[in-house]
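*Asks:* please find the sequence and the predicted model below.
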Amino acid sequence: MRAFIGANASSRQAASREAVAPGILRDVARLMGLLVSCFALGCSEDSTDPAGAGGSGTSVSGGTSAGGQTATAGSGGQSGTAGTSAGGVSPGGAGGSGPAAEPLVAYDFAEDIEDWVFVYADPATLIAAPPPEGDAGVTPPAPEGVATAAYDPAGDPNANAGSVRLELPFSGPSQKISFEVAIAMDDVGVNLAGRRISARISVVSGYSADPMNPPGLKLYAKTGPTSVYADSGYINILPGSDWQTFTWANVSSAAYVDPAGTHTPSDVRQIGIEFDTGGAGAYSAATVLLDTVAVY
């Protein structure tokens, strides 16, 4: 209450009443405003946490989630930190708006083939022989009839320009050609335990159009100091030139491991793709584009 100095008692009382009345009116108006805001936001009488603790709630920054107040936008939304939401999803999940996960390792072949090389074939004549001892770094011209890899400015329309054009000289069933890259640094492997590998492939021509005997591939990793081979298992390649995504869902879980060693997904030295023909059927030389090999 204000203090009034140099006035008689009656004038002080009158002034006091005049000063108090506007203050009361302001307090009442403020209280009414709070009640209107609360009803507009769907508050319950026992709601004390702005994050929401159940109930139908309203999205903080977009969309309404059935059950629980959401923390970010999305048709389902991420559930708030207080309580759980029946319509909530984990970050980055369907209906959420979180950014896509960044790959741990990625090759988009935007300018060149990024040190990928052919390392194995069955029969061995499908790839060029390695240079003789003492000629490291010297790459002789590839002889006729062997696999080749070259940069191609065309690429996956859903990614950056550029890809690797592979010419694979298949001629029959039960043939394979492996194409890989070293990811170890200073002889130290990369921990891919629990991670997935994916690659984008387009068959430009050849291979096989027989749906009963489709060609396929395996995504693989080599682990430990002796590069023990482990793979995803055979994945069919569908006919046609559309871009297809191939995924090894969990490097820790291999369909096949070289029995001569132990698969150590925490120490990956190389990753690669083994292109295969099936066990039966007719196959021909294939032109394949490879793009966006990534580890998540």
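*Replies:* Now that the structure is in, tell me what you want to look at.
*Asks:* which of the helices or strands spans the residue nearest to residue 103 when sequence neighbours are not counted?
*Replies:* Distance criterion Cβ to Cβ, 6 or more residues apart in numbering; nearest residue to residue 103, sequence neighbours excluded, is residue 294 at 4.1 Å. For the C-beta atoms, the positions are set from N, CA and C on the backbone; glycine is no exception. According to DSSP states H and E, residue 294 maps onto strand 284-295.
*Asks:* give the buried residues for that strand.
*Replies:* 286-295 (16 or more other Cβ atoms under 10 Å).
*Asks:* hey, what's the residue nearest to residue 103 bridged with?
*Replies:* Per DSSP bridges, the residues bridged to residue 294 are residue 106, residue 198.
*Asks:* might one say that it is in contact with residue 198?
*Replies:* Yes. Using Cβ atoms under 8 Å, residue 294 is in contact with residue 198, at 5.6 Å.
*Asks:* got the contact list for the residue nearest to residue 103?
*Replies:* Counting by Cβ atoms under 8 Å, 6 or more residues apart in numbering, residue 294 makes contact with 103, 105-107, 197-199.
*Asks:* possible to save the buried residues of strand 284-295 as a markdown table with distance to residue 233?
*Replies:* Converted to a markdown table, the buried residues of strand 284-295 look like this (distance: Cβ to Cβ, whole Å):
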| residue | distance to residue 233 |
| --- | --- |
| 286 | 21 |
| 287 | 25 |
| 288 | 19 |
| 289 | 23 |
| 290 | 19 |
| 291 | 22 |
| 292 | 21 |
| 293 | 18 |
| 294 | 19 |
| 295 | 18 |
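*Asks:* which one of those sits closest to residue 165?
*Replies:* Ranked by distance to residue 165 (Cβ to Cβ), the buried residues of strand 284-295 are led by residue 289 at 5.9 Å.
*Asks:* contacting residues for the closest one?
*Replies:* With Cβ under 8 Å, 6+ apart, residue 289 has these contacts: 152, 154-156, 163-166, 201-202, 204.
*Asks:* how about a cut-off of 10 Å?
*Replies:* By Cβ atoms under 10 Å, 6 or more residues apart in numbering, residue 289 lies in contact with 109, 152, 154-156, 163-166, 200-204, 241, 243.
*Asks:* of the contacts of residue 294, closest to residue 228?
*Replies:* Closest to residue 228, out of all of the contacts of residue 294 and judged by Cβ to Cβ, is residue 197, at 16.2 Å.
*Asks:* from memory the closest one sits against residue 254, does it?
*Replies:* No. Judged on Cβ atoms under 10 Å, residue 197 makes no contact with residue 254 at a distance of 11.4 Å.
*Asks:* common neighbours of those two, please.
*Replies:* 220-221, 232, 248.
*Asks:* so where's the stretch 151-296 of the chain uncertain?
*Replies:* Within the stretch 151-296 of the chain, not a single segment meets pLDDT under 70.
*Asks:* what residues are bridge-paired with residue 205?
*Replies:* For residue 205, the beta-bridge partners are residue 287 (DSSP bridges).
*Asks:* next, count neighbours for it.
*Replies:* 10 (other Cβ atoms under 10 Å).
*Asks:* with adjacent residues omitted, what lies nearest to residue 125?
*Replies:* Using Cβ to Cβ, 6+ apart and skipping the chain neighbours, the partner closest in space to residue 125 is residue 146 (7.2 Å).
*Asks:* which ones are touching the one you found?
*Replies:* Contacts of residue 146 (Cβ under 10 Å, 6+ apart): 118, 121, 124-129, 167-169, 177.
*Asks:* which helix or which strand is home to it?
*Replies:* If you go by DSSP H and E, residue 146 is not part of any helix or strand.
*Asks:* tell me the pLDDT at it?
*Replies:* Here, the pLDDT recorded for residue 146 equals 96.
*Asks:* what of residue 22?
*Replies:* Per-residue pLDDT puts residue 22 at 46.
*Asks:* how about low-confidence regions in the stretch 1-150 of the chain?
*Replies:* The model of the stretch 1-150 of the chain has pLDDT under 70 over residues 1-100, 131-142.
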